[in-house]
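1. Here is my input, please return the structure:
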Amino acid sequence: MSQANEAQLIESIRSGKFSERELINLYKNATTRNATAVMDAVKNKMRADFPRAANRMFGAKESEASALLEDIYRKLAAVHDFTANRLKNGVKAGGQMISGQKYIDVYISYKNGNGFGAVLGLIQDDPESELTAKVGYYKTGNDGFRDAQVFQMHDFEQAVEAYKAQLSKVLSGE
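-> Here you go, the predicted structure:
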């Protein structure tokens with residue numbers, strides 16, 4: 001397939017000209033031809049327009065982000081005692097994803113008994129936008145505050161290090 005034809009097909013996919021069944025067939029054909037740009041376009045369109053079919057074909061949209069955070073959580077849990085965490089341990093779905101405001105919003109977090117917390121989240125606004133990492137440090141209550149840093153995924157290791165620094169403060173009681 002020429003680049004011009006491929007670009008035209010991708011534009012047709014994005015414009016919504018194809019049904020669910022046609023998109024599935026396009027994806028299968030693109031896979032046999034290793035046309036990754038077409039595969040990505042079909043995947044994004046299916047995630048937006050046919051989420052149930054997309055989950056059946058590709059798995060949950062947040063599965064890769066969740067797996068990345070799960071790996072970080074396991075490594076940290078091997079070093080730190082999280083039994084005093086006031087929040088659920090492990091990877092959680094964020095409210096913005098649950099409400100449909102964000103395409104992907106998953107995170108790990110820890111909050112101590114003094115109301116201080118640290119969070120590492122992965123967020124994506126929509127299927128076409130980039131995934132970003134967000135590190136937060138906060139305190140709940142009347143004297144509460146919330147600080148956050150956003151990292152691009154090529155700086156993910158920096159985000160993890162920033163989270164570890166915030167987590168250490170929270171674990172020490174701050």
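
2. can you give me the strands in this structure?
-> In the chain, the strands defined using DSSP state E lie at 92-93, 104-111, 116-124, 132-139, 145-152.

3. how about the ones you listed, which one is nearest residue 170?
-> Nearest to residue 170 among the strands of the chain is strand 116-124; the distance by C-beta to C-beta comes to 4.7 Å. The C-beta positions use only the backbone N, C-alpha and C, and glycine is treated the same way.

4. Between strand 104-111 and that closest one, find me the angle.
-> Angle of strand 116-124 versus strand 104-111, following axes from the mean of the first three to the mean of the last three C-alpha atoms, to 10 degrees, is 170 degrees.

5. and the direction of strand 116-124 versus that of strand 145-152, what angle?
-> Using the same axes, to 10 degrees, strand 116-124 lies at 30 degrees relative to strand 145-152.

6. What are the contacting residues of strand 116-124?
-> 62, 65, 68-69, 72, 87, 94, 96, 102-111, 130-140, 159-160, 163, 166-167, 169-170, 173-174 (C-beta atoms under 8 Å, 6 or more residues apart in numbering).

7. Filter these down to the buried ones, ChimeraX style.
-> Under the burial definition 16 or more other C-beta atoms under 10 Å, those of the contacts of strand 116-124 that qualify are selected in ChimeraX by:
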select :62,65,68,69,72,94,102,103,104,105,106,107,108,109,110,111,131,132,133,134,135,136,137,138,139,159,160,163,166,167,170
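
8. so where's the chain uncertain?
-> Residues of the chain meeting the criterion pLDDT under 70: 1.

9. hey, where'd the helices end up in it?
-> Along the chain, counting by DSSP state H, helices occupy 3-15, 20-32, 36-49, 51-58, 63-79, 95-98, 156-171.

10. With distance to residue 145 as added columns, please give those in a markdown table.
-> Listed next are the helices of the chain as a markdown table, based on distance: least, C-beta to C-beta, whole Å:
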| stretch | distance to residue 145 |
| --- | --- |
| helix 3-15 | 42 |
| helix 20-32 | 46 |
| helix 36-49 | 35 |
| helix 51-58 | 36 |
| helix 63-79 | 23 |
| helix 95-98 | 19 |
| helix 156-171 | 13 |
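
11. Nearest approach to residue 150 belongs to which of the ones you listed?
-> Nearest of these to residue 150, taken as C-beta to C-beta: helix 156-171 at 8.6 Å.
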